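*Asks:* pasting a predicted model and its sequence here:
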Protein chains: 4
Amino acid sequence: MQLYNDYSEGAHTNILKALLQTNLKQQDGYSEDDYSLEAKNILHAKIKNTNADIHFVSGGTQANLIVISSILKSYQSVIAANSAHINIHEAGAIEATGHKIHGVESLDGKLSPEQIKPILEEHTDEHMVKPAMVFISNSTELGTIYKKNELEELSTFCRQNNLILYLDGARLGVALSSKENDLSLPELAKLVDVFYVGGTKNGALIGEAIVIVNDKLKQNFRFHLKQHGALLAKGRLLGIQFVELLKDNLFFELAEHANSMALKLSKGIAKLGYNFLTKPETNQIFPIIPNSIIEKLNIKHGFYVWSKDENNMSVIRLVTSWATKEEEIYEFMNDLKEYS
Amino acid sequence: MQLYNDYSEGAHTNILKALLQTNLKQQDGYSEDDYSLEAKNILHAKIKNTNADIHFVSGGTQANLIVISSILKSYQSVIAANSAHINIHEAGAIEATGHKIHGVESLDGKLSPEQIKPILEEHTDEHMVKPAMVFISNSTELGTIYKKNELEELSTFCRQNNLILYLDGARLGVALSSKENDLSLPELAKLVDVFYVGGTKNGALIGEAIVIVNDKLKQNFRFHLKQHGALLAKGRLLGIQFVELLKDNLFFELAEHANSMALKLSKGIAKLGYNFLTKPETNQIFPIIPNSIIEKLNIKHGFYVWSKDENNMSVIRLVTSWATKEEEIYEFMNDLKEYS
Amino acid sequence: MQLYNDYSEGAHTNILKALLQTNLKQQDGYSEDDYSLEAKNILHAKIKNTNADIHFVSGGTQANLIVISSILKSYQSVIAANSAHINIHEAGAIEATGHKIHGVESLDGKLSPEQIKPILEEHTDEHMVKPAMVFISNSTELGTIYKKNELEELSTFCRQNNLILYLDGARLGVALSSKENDLSLPELAKLVDVFYVGGTKNGALIGEAIVIVNDKLKQNFRFHLKQHGALLAKGRLLGIQFVELLKDNLFFELAEHANSMALKLSKGIAKLGYNFLTKPETNQIFPIIPNSIIEKLNIKHGFYVWSKDENNMSVIRLVTSWATKEEEIYEFMNDLKEYS
Amino acid sequence: MQLYNDYSEGAHTNILKALLQTNLKQQDGYSEDDYSLEAKNILHAKIKNTNADIHFVSGGTQANLIVISSILKSYQSVIAANSAHINIHEAGAIEATGHKIHGVESLDGKLSPEQIKPILEEHTDEHMVKPAMVFISNSTELGTIYKKNELEELSTFCRQNNLILYLDGARLGVALSSKENDLSLPELAKLVDVFYVGGTKNGALIGEAIVIVNDKLKQNFRFHLKQHGALLAKGRLLGIQFVELLKDNLFFELAEHANSMALKLSKGIAKLGYNFLTKPETNQIFPIIPNSIIEKLNIKHGFYVWSKDENNMSVIRLVTSWATKEEEIYEFMNDLKEYS
């Protein structure tokens, strides 16, 4: 059994079925097909904003680098948590488009106005870059989520300080489906300038839906997509998948399943007396386990060691997905109990 | 019926079946899955070179911009035909990575040493860019193909002049399956430094296989992929498709079908007395038709007007594909005959 | 004697004297010194536009790459004559900032609306770059100048078509001092969006004054300067020089001298029956001379062979400067007469 | 009196005299003049390495961005102290060329192998950038210097770990002239791969001499210079200045003067019982002074408040230069004594 990540399987069956059913219908290329149009209409309804511009791309790094580079002027920079995907795990994709990332120390992977203010105060003239965007992810790279009031505060602060607020939603499904969540998708769409809805980590083969809410960021976005090789000739592949995920409630059902599997894990682990690096809220949890037990667990179970802790303990990352089976959770818990 | 392009349908059925069959097998991400490995092995055998590095990406523009920018130093430039995809239809993707393209006038879309020499002679010092790569496509954007001796001459010239030879194979299937072709895939792989095998325009949903033959170009290529957002989390999607295309002979069967449909078209059109912009050799043909007839044809048939000709004539582009039906060809020809 | 270029000597004596006189006065750095302020005030008066933003940089390539990259969005391109400095002699500096240059065939080095239109008509969607700027030089790289009506037409066309008009004035002094000129500096400043006034080739040690007329292009320009290493710590060096060049009429006196020396040359050469590649109008002239004579001339005189012509003739480039002496012209002409 | 920085005056008189004397001698452009050649020869002798490649540019940011971008591949990053000029005060120039800077916490502005190791250990695969260079400055932005054994350790570590070691010598004069210094210029040149010798902050009008010691970094460097607008048409301006600075011992005499002025300041300040942010070693010192006194000092004396300290104290930066007069130091000290 593997708990490495949430993209180890293919796609939900409905998606594959839809690919088969639509396969021979001739369609225009480059996301101008009927399915992409339909998916946009559905998503417009879900976010309760028919004015938003929606674009489908194949992955999260691609979404991030295109969104960020399309918005920032060459001398502008982006503020993110130290743990942000763009700051660590995108091979310098943002800097490669010319922009500095200000990495902010953050224990829970989230950002607040208090963490951003010192950076604004420091950067005052043309000898330094000009911070112009705040990057957040929901859920974060540490599994935590933004509560409604947190996002509201951040949004207000950004608007007061002329900062674009961009939300990376690679794992937006599990964030909004978390038992701790009190934020709706339409509310979120009002509070940020641009965000994306992640398909790849929530049951699609590939696909992220970039949603541009702020009118000023919309112009000629397809040029940016094309220039970065992100306009797929068979854009239908992205459209069909988002129709399937969004037309009923599949997107959130899959996320809820992933969360409920993670909840079983975190409850069981907590019961055994272990602590967590961050509060378990979504499908990524970070228990702190003795190294000796990690070694034994690793024989049958796949997962990443996140960081070394003190006292011969380590933080491990366990990730559940739409495809995780309940039996697998039991098996993991049984082994952990046995070794503990 | 549409003859706009060769990516209007989904994928060949075998590919969709394989996606279904493999769907729930857990795999490593980022093209380190079993299927990608298998596809590489098969392609190694097809090109008779097990040392080549193979990487799968989602589209042609992505392949081009990553390959070219990974090879060229910041002051180096690439030589291409004026009609080259990188020079016109990639929204400046190559320049966006920092490199000048020298567009060379070419009536057939191909390049020869004679066309390249003057550029080398002109660029002699540090006040100018330094040409370091030749970009060709096979088949070309004008439907033509490189004969074996043409590619050999070009290859020899490039090696003598320290130029990397890169072949864009978005339509490599139809090139090598053309009745006019005398070049084998292993021969091609020996003559160039790097090329890609196009899946998207030959029956795949997405997918191009970059093949790096020249050892000097191999190092750390995955960093380049990641930095441009081209490493798919579910790389299996690319691997599975190339296994299906390459394991038997599906890749070439699909290309032969597209070519044979185009041949019917071009023979019929020639019989009616029309000329062509370039010699019909693959699935893209460019007949020159009176504007009055084009208007009538356009009512039922979809295709692009390529360029205005003299005498109230225009060049149109007709593209057939793996999915084109014989009836459609007959229908088009009947209409053309009727209007002529 | 050398006629290679107009930057073979140091600077006009007044400039060196001013450097000495001001040497120990403490000044703020980065072009916020008193002299830079004074130079801006003088230039504001000369162009009759006190709203223009003025920035001093050290050279022409630097000016071009910063101005162009500060204005264009990543998917936008610039239209220029094939012979334009940015297209040939800046080592790909513009492409290195991410932008395609459309090189337009032009026999006299100038651009007209008719030459630009076809490029606008071709570039219609997001698969291609979006032309957004026209680059011209005055005088051009072929020594020619824009007449008032030519610049007016171009300006009107650019404004109608949403194109920024940028004028490279590396040799603006000789252009406006030409006997053929009918354009004033204030008129020029009204017709373009941004231009620069070249000091290096007209008697300064280094220094070009970028003048931003269009309000939309002004914001945060100093960030662009700093990011490209163009904000000199001792910006006074640039300010002092432009004060000297502009406060009286030195700038135009030096240019007139260069032009009058070139006029003597071109008249003499024409009298001997030789033709010119382009009409001699400024300090660069391009006579077409038999190769055998060029060889002999080359023994005593330094100049570049510009291009091979037919019939054993070649185009040579002769450049005079503010420092060219009349005796040198006579000596050259005597030799040419003797060999002819 | 101002203690803001070391570039408030023009240049040492010898430099201006040399500009006058050489003014009308015709020279080749773009740093191929006799004076640049002579300056290179002298510097070769000073560093005892005639194989090093030497290039003159106009400023430090320009030197840094060109050196770093010429060396790093697109996925490679550079490690620097948090306080490094490239990390704060170059408006994102390095990121603008595509590269991440890893800012390392450092109280004295210096780097040691222990501070670099964790970054190497973290960056292990293609999902992250690949650290490939270490950037240090001597003297540092905090006025401190590298002792010989510190630079040796760093050099050994970098060579063992395949890291290019680049030393920013904007203030190399004061570093090597410090009373604390035990490192010679030839020793330094052996320990690093590339460095630059700063003229602007040590008596020149403009000018930094880039010295490339590592053969692998030499190729086609002039293309990089040209592409970034750093090849001055009148390169003689740089050459002449370095001849004057280096031919006798002017460069070090000027630096010693700046240091001795700073030493008087720091001794006096210490005597009054004040502490310093970093140990005073060169011409930049960072005393910690009560805010109330700073206010009074600021009326007559110009200097920057570096950072707020606790207890109503602040760190201020005082910078002396080749042109600082002894009376000015006494005046400052008298005032400080009076207010303390």
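*Replies:* Here it is on my side, so go on. Quick caveat: nothing in here was measured; it's all calculated off a predicted structure. Numbering: from 1, shown residues only, chains lettered A, B, ... in the order given.
*Asks:* now A:His12. Its backbone dihedrals?
*Replies:* Per-residue torsions, A:His12: phi -60, psi 140 (degrees, to the nearest 10).
*Asks:* could you find the closest non-adjacent residue to it?
*Replies:* In space, and not counting its chain neighbours, A:His12 is closest to A:Gly203: 4.2 Å by Cβ to Cβ, 6 or more residues apart in numbering or on different chains. Using the backbone N, CA and C atoms, a C-beta is placed for each residue, glycine as well.
*Asks:* same check on A:Asn312?
*Replies:* A:Asn291 (5.0 Å).
*Asks:* quick one, what contacts the one you found?
*Replies:* By Cβ atoms under 8 Å, 6 or more residues apart in numbering or on different chains, the residues touching A:Asn291 are A:312-314.
*Asks:* counting neighbours, what do you get for A:Leu20?
*Replies:* By the criterion of other Cβ atoms under 10 Å in any protein chain shown, A:Leu20 has 16 neighbours.
*Asks:* list the contacts for the closest residue to A:Tyr7 other than its chain neighbours?
*Replies:* Nearest non-adjacent residue to A:Tyr7, counting by Cβ to Cβ, 6+ apart: B:Ala233, 4.3 Å away. Contact criterion Cβ under 8 Å, 6+ apart gives A:5, A:7, A:59-60, A:200-201, A:206, B:29-30 as the residues in contact with B:Ala233.
*Asks:* let's see that with 7 Å instead.
*Replies:* If you count contacts by Cβ atoms under 7 Å, 6 or more residues apart in numbering or on different chains, B:Ala233 has them with A:7, A:59, A:200, B:29-30.
*Asks:* how close does it get to chain C?
*Replies:* In this structure, B:Ala233 and chain C are 26 Å apart, going by Cβ to the nearest Cβ, to the nearest Å.
*Asks:* cool, and A:Asp6?
*Replies:* As judged by Cβ to the nearest Cβ, A:Asp6 and chain C stand 32 Å apart.
*Asks:* what number of residues lie near A:Lys296?
*Replies:* If you count neighbours by other Cβ under 10 Å, A:Lys296 ends up with 14.
*Asks:* just A:Ile88 next, same as before
*Replies:* The number of residues packed near A:Ile88 is 20, by other Cβ under 10 Å.
*Asks:* need the contact list for it.
*Replies:* D:Met128.
*Asks:* just the helices in the stretch 101-250 of chain A please.
*Replies:* For the stretch 101-250 of chain A, helices defined by DSSP state H, counting those that start in this stretch occupy the ranges A:113-122, A:148-160, A:172-176, A:185-191, A:221-227, A:236-247, A:250-271.
*Asks:* export these to TSV and tack on distance to B:Leu43?
*Replies:* Below are these laid out as TSV (distance: least, Cβ to Cβ, whole Å):
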stretch	distance to B:Leu43
helix A:113-122	48
helix A:148-160	47
helix A:172-176	35
helix A:185-191	43
helix A:221-227	28
helix A:236-247	22
helix A:250-271	34
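*Asks:* deepest-packed of those, please.
*Replies:* Most buried of the helices of the stretch 101-250 of chain A, by mean neighbour count (mean count of other Cβ atoms under 10 Å in any protein chain shown): helix A:172-176, with a mean of 28.
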